[in-house]
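**Student:** okay, structure incoming, though there's no sequence with it:
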């Protein structure tokens, strides 16, 4: 983000900068949805995130999107990858259509996490999409009940170990 500095414009980021922005966003979103209580608005802001329903501790649900509150239309995200169970491994393979058009899309990163049965995240990462096979995990490294959650370009899927 760009903010006014002492003498000129400066780059700014971080949670201390994000808090007033999201508070202002919440006020605007509430103007459109006056019937929502505080927790309903909180949940709606999470759902408006550009990564939703994916979540991790570094990115949350992503950047809230005003269009979620103003356009009122649900779109089904286009499939951007497959999760392949390959005996000893779980692989995430980007679809041919997404990969061939990846230079035309803004999102070139795949987000993934490993979720424990209690809902906590064991690990989370972001991977640059440079080839079809983006991720290959050895199943022996994960416990029964853990879940792989993957997000790319608006499309989210999970795999249960």
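**Tutor:** Good, I have the coordinates. Quick caveat: nothing in here was measured; it's all calculated off a predicted structure. Numbers count the residues shown, from 1 in each chain.
**Student:** rest of the way, CA atoms for contacts and neighbours
**Tutor:** Noted.
**Student:** from residue 122, how far out is the residue nearest in space to the middle of the chain?
**Tutor:** The centre of the chain sits closest to residue 51, judged by Cα atoms, centre = their mean, with a distance of 2.3 Å. In this view, residue 51 and residue 122 are 19 Å apart by Cα to Cα, to the nearest Å.
**Student:** what's in contact with the helix or strand that contains residue 123?
**Tutor:** Here residue 123, judged by DSSP states H and E, is contained in strand 121-128. Strand 121-128 is contacted from outside by 56, 57, 108, 109, 110, 111, 112, 113, 114, 115, 116, 134, using Cα atoms under 8 Å, 6 or more residues apart in numbering.
**Student:** which parts of the protein are helices?
**Tutor:** 15-32, 38-47, 67-70, 96-100 (DSSP state H).
**Student:** do you know how far the residue nearest to the centre of the chain is from residue 111?
**Tutor:** Applying Cα to Cα, the value for residue 51 to residue 111 is 9 Å.
**Student:** could you name every residue contacting both of the two?
**Tutor:** Common contact partners of residue 51 and residue 111 (Cα under 8 Å, 6+ apart): residue 151.
**Student:** output the below-cut-off pLDDT ranges for this protein.
**Tutor:** Counting by pLDDT under 70, the chain has low-confidence residues at 1, 72-74, 102-103, 105-107.
**Student:** domain ranges for it?
**Tutor:** Domain assignment for the chain by automatic domain parsing gives 8-70, 81-160.
**Student:** now do the first one: distance to the chain's middle.
**Tutor:** It refers to domain 8-70. Distance, stretch centre to chain centre, for domain 8-70: 13 Å (Cα atoms, centre = their mean, to the nearest Å).
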